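Asker: Got a predicted structure here, sequence first:
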Amino acid sequence: MKLLTRLSVLGLIAVLALLFTGCQNHNPNNEDSIRTLLGFSDYTNDDQSGTTDDGTADPQQGGGFGALGFDQPTVETLPWVRFARKIERPVPRTIAITIPAYPGYPETTALAVITASPSGNFYVHNNPGGHIAWVKPLADQGVRKVYLTQHSDTWRIREMTPWNIGTVDAPYAINIASIRIDARPSGLSYEYFTPDTMLTKNQLPAFLPGDSVHVTVTVQSDSGTWAFLHRGLRGHHRRQAFYQTAPNTFEREWVIRHDSLPQVPAVRPTAFDIIGYPTLFGDTLSPYNSRAWTLPYIVIQTPDAVRP
């Protein structure tokens, strides 16, 4: 009888321990708090994941020639083309949360994997003498990982990967080999080689008001491509074509304007969008294909300022 009682007590303890562990790993309050944070944070909200959803009709190409020497004959500019992505709403979006973030990590850590699957149509007009706009179905998928920690019941974003979005079942490969960002006169510079690397806020691009930001994108692809820069919040979005300065290399510059920032520090979205040349200049027999990395950038007052 004593043996049975002892076994019953041990069994009850084991069950309680299992329940306690399960609650720690799958606490819905924790997951709800994380989902709310990811939805409202300037680092992970819809302005970040929807940066390439411009809906504009014309790649803006003004400015930047003198500062970068783009008047040299070796530099190629984008031939005449007008295009727009029209994305169906709402965009399917899932957030898978693991607590703790990794085996052996404390229960105050979490890993969130955000996946979105935008679909719709890509409209392109590539004949300046005609009036035909080709319509190409698009289906992309983007993924971003976010590492979080909990302090006094409050979850905080600590690290994140770039938002890596590409065409599902792409007809040919498009990959970004590297992105280099140099700001002057602040002297801040950054370089990225993979969308899978977790970046702290101090490793994300940061600029000072008045900085000129020079971006160099290197592409690997089985076909010709062209690069586009997206920046600005929804409602103030700008899309600008890069200049091709070497095979598979594109460069562009923009200025962090003082009057565009109601307050500093500020977090803004930017995307480096690579579109297949056949997508831009072929007819409907040349399907849509693209690859983009989206990165938040931070505007701060001094190079050593704390990131928000």
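Answerer: Thanks, I have it. These figures come from a predicted structure and were not determined experimentally. Numbers count the residues shown, from 1 in each chain.

Asker: in the stretch 151-300 of the chain, which spans are strands?
Answerer: 154-160, 163-167, 174-184, 189-192, 199-200, 206-207, 212-221, 225-231, 238-241, 243-246, 249-255, 266-276, 290-299 (DSSP state E, counting those that start in this stretch).

Asker: likewise the stretch 1-150 of the chain?
Answerer: Here the stretch 1-150 of the chain has its strands, by DSSP E, counting those that start in this stretch, at 82-87, 93-98, 109-116, 119-125, 134-151.

Asker: looking at the protein, which helix or strand is least sure?
Answerer: helix 65-68 (a mean of 37; mean pLDDT, DSSP states H and E).

Asker: Between the strands of the stretch 1-150 of the chain, which one is closest to residue 238.
Answerer: Closest to residue 238 of those is strand 82-87 (Cβ to Cβ; 13.9 Å). C-betas here are computed from N, CA, C, even on glycine.

Asker: ok, and the closest non-adjacent residue to the residue most central in space within the chain?
Answerer: When Cα atoms, centre = their mean is applied to the chain, the residue found nearest the centroid is residue 294 (2.3 Å). Once flanking residues are discounted, residue 294 sits nearest to residue 163: 3.7 Å by Cβ to Cβ, 6 or more residues apart in numbering.

Asker: from what I can see the one you found touches residue 145, true?
Answerer: No. Using Cβ atoms under 8 Å as the test, residue 163 is too far from residue 145 to be in contact (9.9 Å).

Asker: Give me the more crowded residue out of these two.
Answerer: More crowded of residue 163 and residue 145, by other Cβ atoms under 10 Å: residue 163, with 25 against 20.

Asker: Next one: that one from residue 244, what distance?
Answerer: In this view, residue 163 and residue 244 are 24 Å apart by Cβ to Cβ, to the nearest Å.

Asker: again with residue 271
Answerer: Following Cβ to Cβ, the distance that separates residue 271 from residue 244 is 18 Å.

Asker: Would you mind telling me which of these two has the busier surroundings?
Answerer: Remark: of residue 271 and residue 244, residue 271 carries more neighbours, 24 against 20, as counted by other Cβ under 10 Å.

Asker: so what's the more buried one up against?
Answerer: Shown in contact with residue 271 (Cβ atoms under 8 Å, 6 or more residues apart in numbering): 51, 52, 163, 229, 230, 231, 292, 293, 294, 295.
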